[in-house]
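Asker: Got a sequence here, can you build the structure:
(one chain, ligands or ions: 1)
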Amino acid sequence: MESQDITTLAEARKYLQENRGKGVVCPCCRRFTKIYQRRIYAGMAEFLQWIVKAYSEKKDVGAYIDITTGPNQRGGDFAKLAHWGLIERKAIAKGNEKLQRWWRPTLKGIEFVEDKVRVPEYALVCGSELVGFSDETVSIRDCLQGGEGARSE
Ligand SMILES: [Zn+2]
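Answerer: Purely as a prediction, here's the structure:
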């Protein structure tokens, strides 16, 4: 398949698999660009375990957790857990960066930590925008065993 023939996400995904690391036509912005395959590496899975534990200890339904009290997060990669719908950030007014540290796990995030659900192995991301998922799925155990590894391919 040639990149100029790509019109759907499924085609983009196929092309991406065949041409790892090369550019593709992004289904969200139509530019020839690089779509990154993000995966949940061990450090992110450990962060998710931490925030689920902190959340369960709050006994306060809907509480948000101050993530600066948790394990160090390299480059804010934990925020990418939101691509899988595993965590959510407290809604903030634009420019109010101080509040960006308040997050909580979603029900899906809690169930993932409890090893009740699986999530796609890869989130396909253009810039900061989610454009799709891999068909392959992983469990929290897979992610915890995945090491730090590559942040993207
Ligand atoms: Zn795009």
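Asker: what number of residues lie near residue 27?
Answerer: Residue 27: 19 surrounding residues under other Cβ atoms under 10 Å. Where you see a C-beta, it was placed from the backbone N, CA and C, and this is true even at glycine.
Asker: Also residue 59?
Answerer: When neighbours are counted by other Cβ under 10 Å, residue 59 comes out with 7.
Asker: cool, and residue 30?
Answerer: Residue 30 has 10 neighbouring residues, counting by other Cβ under 10 Å.
Asker: cool, and residue 44?
Answerer: 26.
Asker: Please shift the residue numbers so they start at 47 in all later answers.
Answerer: All set: I'll call the first residue 47, so the last point we hit is now residue 90.
Asker: Please report how far it lies from the ion.
Answerer: Plainly put, residue 90 is 23 Å away from the ion if you go by Cβ to the ion, to the nearest Å.
Asker: Which residues outside the longest helix seen in the chain are in contact with it?
Answerer: Ordering each helix of the chain by length in residues (DSSP state H) puts helix 88-104 first. Outside helix 88-104, the residues within contact range by Cβ atoms under 8 Å, 6 or more residues apart in numbering are 86, 109, 111, 113, 115-117, 119-120, 123-124, 126-127, 132-133, 149-151, 155-156, 158-159, 186, 189-195.
Asker: For the chain, what lies in contact range of the ion?
Answerer: Counting by Cβ under 5 Å from the ion, the chain comes close to the ion at 72, 74-75, 172.
Asker: In strands, which of those residues appear?
Answerer: Taking DSSP state E as the definition of strands, the residues of the chain next to the ion contribute residue 172.
Asker: these two touch, right, residue 130 and residue 86?
Answerer: Yes: Residue 130 lies in contact with residue 86 (Cβ atoms under 8 Å); the separation is 7.0 Å.
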